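A.B. asks: all I have is the shape, not the residue letters:
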């Protein structure tokens, strides 16, 4: 599978002392062969996913299934 980082700027800022843009990130795992089904994993509170690169999918996916 090929991981692809998806990132959307939600148009607002967060922070008390210094403001940072708020972004929503997800990782698309594109299969090698064509597929007609997609699986979405939601971690929920307080399982905040720490996604910064395409390679962060392994740790986030495994810990969300425990």
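C.D. replies: Looks like it arrived, so ask away. Remember, predicted model here, so these are calculated numbers, not experimental data.
A.B. asks: going by C-alpha atoms from here, please, whenever you check contacts or count neighbours.
C.D. replies: Fine.
A.B. asks: how far off centre is the helix or strand harbouring residue 6?
C.D. replies: Per DSSP states H and E: residue 6 is located in strand 2-14. Centroid displacement of strand 2-14 relative to its chain, using C-alpha atoms, centre = their mean, to the nearest Å, is 8 Å.
A.B. asks: after it comes which helix or strand?
C.D. replies: strand 20-30.
A.B. asks: tell me how far that next one is from the chain's mean position?
C.D. replies: With C-alpha atoms, centre = their mean, you get 5 Å for strand 20-30.
A.B. asks: which regions of this protein lie under the pLDDT threshold?
C.D. replies: For the chain, residues meeting the criterion pLDDT under 70 lie at 41-48, 58-66.
A.B. asks: ok, now which residue in it is the farthest from the centroid?
C.D. replies: residue 17 (25.7 Å; C-alpha atoms, centre = their mean).
A.B. asks: touching the strand holding residue 6 from outside, list them.
C.D. replies: Strand 2-14 is contacted from outside by 19-32, 53-55, 57, using C-alpha atoms under 8 Å, 6 or more residues apart in numbering.
A.B. asks: in PyMOL, select just the buried ones from these.
C.D. replies: The PyMOL selection below is limited to those of these classed as buried (16 or more other C-alpha atoms under 10 Å):
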select buried, resi 26+27+28+54+57
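A.B. asks: got a list of what the most centrally placed residue in the chain touches?
C.D. replies: With distances taken as C-alpha atoms, centre = their mean, the residue of the chain nearest its centroid is residue 26 (2.6 Å). Residues in contact with residue 26 (C-alpha under 8 Å, 6+ apart) are 5, 6, 7, 51.
A.B. asks: need phi/psi at the residue farthest from the centre of the chain.
C.D. replies: Main-chain torsions, residue 17, degrees, to the nearest 10: phi -90, psi -30.
A.B. asks: distance of it relative to residue 56?
C.D. replies: Taking C-alpha to C-alpha, to the nearest Å as the measure, residue 17 falls 28 Å from residue 56.
A.B. asks: and if you look at residue 35?
C.D. replies: With the distance defined as C-alpha to C-alpha, residue 35 ends up 22 Å from residue 56.
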